[in-house]
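Below are the sequence and a predicted model; questions follow.
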Amino acid sequence: MPFKMGGNDDGRGAGERLAVDPNLGSVLYFGSRKAGLWRSADSGVSWSRVDSFPVKGMVSGPGASTGITFVVFDQASGTKGKATPAIYAGVAERGAGLYRSTDAGQTWTPVAGEPKTLFPTHAAVDAGKTMYLSYVDNVGPNGIQDGGIWRLDLQNGKWKDVSPETPGTGPDARKYGYGGIAMDAEHPDTLMVTTIDRWWPSDQIFRTTNGGKSWKEIGPSAVYSAPSTPWVYWHKETCAGTGWMGSIAIDPFHPGKVMYTTGEGIFGSADVTNADAGKPTHWGFPNDGLEETVVNVVVSPPQGVPLVSVVSDIGGFRHESLADSPEHGFFTDPFLGTTTGLDFAALAPQVLVRVGYGEVKNGPRGGYSLDQGVSWKPFASEPPSSHEGAGRVAISADGRTVIWTPAKGEPFWTTNWGQSWTVSQGVNEKTRVVSDRVNPLKFYSFHTETGQLLESFDGGHVFAERQAPVSGRAEWAEIAATPGREGDLWVSSGDKVYHSTDSGVSFVTLEGMEKVNAIGFGMAGTGKSTPALYMNGIAAKEEGMFRSDDAGQSWVRVDDARHQFGWKNSITGDPRVFGRLYLATGGRGIIVGEPVVAPGASTGQ
């Protein structure tokens, strides 16, 4: 598409922006954020902008970056095999948020009478008779102060507020809006809606069987169970299943089946009609194979668990099994909502360190584990330069020295788990520090803006300048030390990749590989003396992920053009399984790759 989708931008809960004509399936509409309304007449092969739609770019006010919020068809207005005449589109514009076409999208007119201080984000239509819409005063998922559920009589144009509750008038004057809305296809007077941005008490689901004349709360008697995903319990006895509830859907063929979205994933029930008889409803977390986390770092120690990860929002995990969600949920003590740095001691792989963002009042925003993540202890304090926490962390090969470079601060080292911190001399902010994977006294620092390489031979106390393998585009900068080989360094800087075997005294340029943003290592191939080397970059004009079994002399591509998995924050091979690769993606969770070897071949994709 010739515009950005903004999948993680504010207002991401609005929709559905993409709609298929129920009478003519080759016709699709898509409401963009900043480029107006678009139409396809060939099942999405090609698209053109609907120039007759009044909103062609950004709107004004709090919905400026959200644009068109939904498209819905009134199926009853047409016949099978022909484009549906009646189409409605929502726009994030207060008081001017609903448009209608009665000629299959050729012309559009605003629908009069809607709430003046709100705009719609979801809608459901009942066969040319009634339309229900959820309204908010801001795009969300945060900052919503007001909202409602409104019913529009499509025959006489009259509006009515049928909200389950009115925000700001409850016992604690809470402020919130309404997110998802769904209609039972077989019983159009039966609807379900969700609140959004109601943090206390938590967000709620309401159900009506009489068109909004009265509503029942689902939450008080709902039973939630997610045994296969312990992390959603947040280390409590029960899981809540609420928060950022932007969308809800009733199965059109099975009215008892309902799913709704949260910031954690999708929750679902198969017996929601129990609520109509005053009975409990039961909810699970049907998300196997569906993942939305941003994973920042993955490491695979040579002993113990196969994988340890740190992620945004939910800290990080000790993965004892690659097939199951970690039994003990995410890391705590400290809990770091978004964890940005992780390392293990190469010669003592049971020792881990991690750092991230968190509430200052909750203590240091970093910690260590002596049992490979089974239990954690927070550092005794933070470096003096730590204003926001986070950043990167490195631990010496023997696990005795930690160097923490906060997000907005210079590196500091400690040998007593943070009881005291000492500034590393010779380095400043915006450096990436890694430890030599053999010599405990060696650390390497690479400045991501200048391309300057520095080395410490005294445990990170003092860094001295070495050769500077700089080549322009610093945003591609990466540095990695090879396991099991002292002084063996790989540096990506700009368009070039460099290799040193003498601790940075000299470098050779790696031919045939450029623009590398992630470097990792894995088990060596049969008969090979060096670990498998993985890089995400460009080789022979192909962008993808590659493995080398001979220290970069030759490469095998391990993905293909159709399976690149978006942005990779980190990659690593498995030191115990040749060819296995772990990807830390920027929104698709952790991807595990296994080699596929053709018959008679020694290596494979």
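Good, I have the coordinates. All values derive from a computational prediction rather than experimental measurement.

what's the nearest residue to residue 79 once chain neighbours are set aside in contact with, if anything?
Distances taken as CB to CB, 6 or more residues apart in numbering put residue 23 closest to residue 79, at 6.3 Å, once the chain neighbours are dropped. C-beta here means a position set from N, CA and C on the backbone, and glycine is covered the same way. Contact analysis of residue 23 by CB atoms under 8 Å, 6 or more residues apart in numbering lists 73, 75, 78-84.

I'd like to know which of those residues are buried.
The neighbour count (16 or more other CB atoms under 10 Å) marks 73, 75, 78, 83-84 as buried among the contacts of residue 23.

Can you add pLDDT and secondary structure and give those back as a markdown table?
Formatted as a markdown table, those follow (pLDDT from 0 to 100; DSSP: H, G, I helix; E, B strand; the rest coil):
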| residue | pLDDT | secondary structure |
| --- | --- | --- |
| 73 | 98 | strand |
| 75 | 95 | helix |
| 78 | 96 | coil |
| 83 | 98 | coil |
| 84 | 98 | coil |
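
Select, from the residues you listed, the two members most distant in space.
Largest separation among those by CB to CB: 75 and 83, giving 11.5 Å.

tell me which residues in stretch 424-433 are buried?
Quick answer for stretch 424-433 (16+ other CB under 10 Å): 424, 427-433.

Domain map for this structure?
295-517, 518-605 (automatic domain parsing).

Now do the first one: distance to the chain's middle.
Translated: domain 295-517. 22 Å (CA atoms, centre = their mean, to the nearest Å).

Tell me which helix or strand residue 96 sits in.
Secondary structure from DSSP states H and E places residue 96 outside every helix and strand.

Need phi/psi at it.
Main-chain torsions, residue 96, degrees, to the nearest 10: phi -140, psi 50.

does it really touch residue 109, like I thought?
No. Using CB atoms under 8 Å, residue 96 is not in contact with residue 109; the gap is 11.6 Å.

Could you check which of those two is surrounded by more residues?
residue 96 (18 against 10; other CB atoms under 10 Å).

per-residue confidence for that one?
For residue 96, the pLDDT comes out at 93.

Output the buried ones among the contacts of residue 23 in a markdown table, with distance to residue 302 appended to each entry.
Shown next, in a markdown table, are these (distance: CB to CB, whole Å):
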| residue | distance to residue 302 |
| --- | --- |
| 73 | 57 |
| 75 | 59 |
| 78 | 64 |
| 83 | 61 |
| 84 | 60 |
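
Closest one of those to residue 364?
Using CB to CB, the buried ones among the contacts of residue 23 come closest to residue 364 at residue 73, 54.6 Å.

Pull up the gap between that closest one and residue 347, please.
Look at residue 73 and residue 347: by CB to CB, to the nearest Å, they are 64 Å apart.

Over to residue 466?
23 Å.

same thing with residue 569?
Taking CB to CB as the measure, residue 569 falls 26 Å from residue 347.

So between those two, which is more surrounded?
A count of neighbours by other CB under 10 Å puts residue 569 above the other of residue 569 and residue 347, at 21 against 17.

is it true that residue 161 touches residue 148?
Yes. Here residue 161 reaches residue 148: they are 5.5 Å apart, a contact under CB under 8 Å.

Quick check: neighbours shared by those two?
residue 115.

Same drill for these two, tell me which one is more crowded.
residue 148 (21 against 12).

What average pLDDT does the strand or helix carrying the more buried one get?
Residue 148 belongs to strand 147-153 when elements are defined using DSSP H and E. Strand 147-153 carries an average pLDDT of 97.

repeat for stretch 495-515
90.

go on, stretch 275-295?
93.

Next: stretch 529-546.
In this model, stretch 529-546 carries a mean pLDDT of 93.

again with stretch 591-599
pLDDT averaged over stretch 591-599 gives 82.

Mind listing what's buried along that stretch?
Applying a neighbour-count criterion of 16+ other CB under 10 Å, the buried positions in stretch 591-599 are 591, 593.

Give me the distance between that stretch and the centre of its chain.
26 Å.

contact partners of that stretch?
Counting by CB under 8 Å, 6+ apart, 322, 545, 558-559, 565, 578-583, 585, 603-605 sit against stretch 591-599.

In PyMOL, how would I select just the buried ones from those residues?
Buried residues within the contacts of stretch 591-599, by 16+ other CB under 10 Å, are selected in PyMOL with:
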select buried, resi 545+558+559+565+578+579+580+581+582+583+585+603
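
and residue 189, how far is that from residue 211?
According to CB to CB, residue 189 and residue 211 sit 4 Å apart.

neighbour count winner among these two?
Relative neighbour count places residue 211 above the other of residue 189 and residue 211, with 17 against 14, counting by other CB under 10 Å.

To which secondary structure element is that one assigned?
Here residue 211 is assigned to no helix or strand, by DSSP H and E.

ok, it touching residue 187?
No. Shown here, residue 211 and residue 187 do not form a contact pair, counting by CB under 8 Å, at 10.2 Å.

which residues are common contacts for these two?
By CB under 8 Å, 6+ apart, no residue touches both residue 211 and residue 187.

how about residue 220, secondary structure?
Judged by DSSP: H, G, I helix; E, B strand; the rest coil, the three-state class of residue 220 is helix.

Now for it: which residues touch it?
Residue 220 neighbours (CB under 8 Å, 6+ apart): none.

and it, how far is that from residue 95?
Distance from residue 220 to residue 95, by CB to CB: 35 Å.

and residue 390, how many neighbours?
Residue 390: 25 neighbours (other CB under 10 Å).

is it true that it lies in a strand?
No. Residue 390 is assigned coil when assessed by three-state DSSP, not a strand.

Spatially nearest residue to it, not counting backbone neighbours?
residue 407 (4.1 Å).

Now do the contacts for that neighbour.
Neighbouring residues of residue 407 by CB under 8 Å, 6+ apart: 340, 387-391.

what do you get for residue 546?
513, 534-537, 539, 555-558.

Got a PyMOL select line for the buried ones in the residues you listed?
Selecting only the buried entries of the contacts of residue 546 in PyMOL, with 16+ other CB under 10 Å as the criterion:
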select buried, resi 513+534+535+536+537+539+555+556+558
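
Throw the contacts of residue 546 into TSV and include secondary structure and distance to residue 263, thanks.
Converted to TSV, those look like this (DSSP: H, G, I helix; E, B strand; the rest coil; distance: CB to CB, whole Å):
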residue	secondary structure	distance to residue 263
513	coil	38
534	strand	32
535	strand	33
536	strand	28
537	strand	33
539	strand	38
555	coil	39
556	strand	39
557	strand	35
558	coil	32
